[in-house]
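Participant: Predicted model follows, preceded by the sequence.
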Amino acid sequence: MAAILLDVGHVTKRFGAFVAVNDVTFDVREGEVLGIAGPNGSGKSTLFNILTGIPFGRDAGEIHFRGQSVGRLKPFEIARLGLVRTFQKDSDFKTLSAFENVMMGTWCCGPISASQKRDLASAALDKVGFALERIHLTAGDLSVFDRKRLMIASALVSSPHLLMLDEPASGLTKPEIDALRDLLLELNASGLTIVVIEHVLPLLMAVAQRLIVLNEGRILSQGDPQAVVRDERVISAYLGGQASHAHAS
Ligand SMILES: Nc1ncnc2c1ncn2[C@@H]1O[C@H](COP(=O)(O)OP(=O)(O)OP(=O)(O)O)[C@@H](O)[C@H]1O
């Protein structure tokens, strides 16, 4: 079995009396794609928030990344170790060009030269299939899918060990979701470990080797994706009528 890259033990996050993430324990193995699904408000984004410290840390629990305890590190220190995330909502700088946006992602690369940053940005844009002749376009003028690609490129620019994507397929058309699926499979085949939160189950079923379903801040089910979507607790709390789509994919 592959080595553990991220080890999450009993993490909890409270907002006042409300427990958004409740005693969650799981690991991420080197080289895998791990999917995370669950109903709205089940704590998926909050889990990403507390793992990366952006914008807040956990209240309890242990987080080890590449063997190092990261629960008390600052967000830039966690990113510099190679744990990098994207956001559910648009996080691009709309008045900057595509290229400038990806350059901003070098914030966690440490002290490197401007020309090294430009090379990294070009390579990251190439990896996500963003055409070179379009890199000077203003981000705000790009399509939803191009902006998603920018967001992924901005995360890739720092050469992460673990890429965490928060609902990358939201707002995409079916052909765009297929293109995103191919991109994630390519990135994973190149050795990148990925955790992806997603409501678009066919995408998760196509890319994830393991699946976690959260409900009300707790892990409801985890393991082989086909087994998880057949789990009666998952069908009842989350999938309902979607269950047949998950099997069909
Ligand atoms: N900063 C915050 N302050 C107070 N409550 C919050 C905060 N962030 C999240 N919550 C609450 O925590 C719960 C979990 O939110 P979270 O965004 O993690 O859910 P989610 O599973 O990502 O949902 P979705 O699928 O809709 O994105 C929700 O009830 C949300 O309202």
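Facilitator: Right, received. Where do you want to start?
Participant: just for this structure, where's the confidence low?
Facilitator: For the chain, the stretches with pLDDT under 70 are 241-249.
Participant: How about the residues of it by the ligand?
Facilitator: 15, 20, 38, 40-46, 88 (C-beta under 6 Å from any ligand atom). (Each C-beta comes from the backbone N, C-alpha and C, glycine too.)
Participant: In JSON lines: those, plus secondary structure and neighbour count.
Facilitator: As requested, the residues of the chain next to the ligand are arranged in JSON lines below (DSSP: H, G, I helix; E, B strand; the rest coil; neighbours: other C-beta atoms under 10 Å):
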{"residue": "15", "secondary structure": "strand", "neighbour count": "10"}
{"residue": "20", "secondary structure": "strand", "neighbour count": "20"}
{"residue": "38", "secondary structure": "coil", "neighbour count": "24"}
{"residue": "40", "secondary structure": "coil", "neighbour count": "7"}
{"residue": "41", "secondary structure": "coil", "neighbour count": "13"}
{"residue": "42", "secondary structure": "coil", "neighbour count": "23"}
{"residue": "43", "secondary structure": "coil", "neighbour count": "24"}
{"residue": "44", "secondary structure": "helix", "neighbour count": "25"}
{"residue": "45", "secondary structure": "helix", "neighbour count": "19"}
{"residue": "46", "secondary structure": "helix", "neighbour count": "20"}
{"residue": "88", "secondary structure": "coil", "neighbour count": "14"}
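Participant: Nearest residue to the middle of this protein?
Facilitator: Nearest to the mean C-alpha position of the chain, counting by C-alpha atoms, centre = their mean, stands residue 165 at 1.7 Å.
Participant: For residue 208, give its distance to residue 5.
Facilitator: 15 Å (C-beta to C-beta, to the nearest Å).
Participant: which one of these two has more residues nearby?
Facilitator: Neighbours per residue, other C-beta atoms under 10 Å: of residue 208 and residue 5, the larger number sits with residue 208, 25 against 22.
Participant: Just the buried positions in the longest helix along the chain, please.
Facilitator: Secondary structure of the chain per DSSP state H: the longest helix is helix 174-189. By 16 or more other C-beta atoms under 10 Å, the buried positions in helix 174-189 come out as 176-177, 179-181, 183-184, 187-188.
Participant: Tell me the helices and strands packed up against the helix or strand hosting residue 123.
Facilitator: Residue 123 is located in helix 114-127, with elements delineated by DSSP states H and E. In this structure, helix 114-127 packs against helix 98-104, helix 144-156, with contacts taken as 3 or more C-beta pairs under 8 Å, 6 or more residues apart in numbering; DSSP states H and E.
Participant: TSV for those, including mean neighbour count?
Facilitator: TSV is the format used below for those (neighbours: other C-beta atoms under 10 Å):
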stretch	mean neighbour count
helix 98-104	22
helix 144-156	23
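Participant: So what does residue 213 have for phi and psi?
Facilitator: Residue 213 adopts backbone torsions of phi -110, psi 120, taken as degrees, to the nearest 10.
Participant: what sits opposite it in the beta ladder?
Facilitator: With beta bridges defined as DSSP bridges, residue 213 has these partners: residue 37, residue 221.
Participant: which residues sit in contact with it?
Facilitator: For residue 213, the contact set (C-beta atoms under 8 Å, 6 or more residues apart in numbering) comprises 36-38, 219-222, 228, 231, 234, 237-238.
Participant: repeat that with 10 Å
Facilitator: With contacts defined as C-beta atoms under 10 Å, 6 or more residues apart in numbering, residue 213 is in contact with 35-39, 42, 44, 219-223, 225, 228-229, 231, 233-234, 237-239.
Participant: do the same with residue 57
Facilitator: By C-beta under 10 Å, 6+ apart, the contact set of residue 57 is 11, 13, 49-51, 63, 70-75, 78.
Participant: follow-up on the earlier one: next one: whichever helix or strand comes after the longest helix of the chain to chain centre, how far?
Facilitator: Moving toward the C-terminus from helix 174-189, the next helix or strand (DSSP H and E) is strand 193-197. On the basis of C-alpha atoms, centre = their mean, to the nearest Å, strand 193-197 sits 5 Å off its chain's mean C-alpha point.
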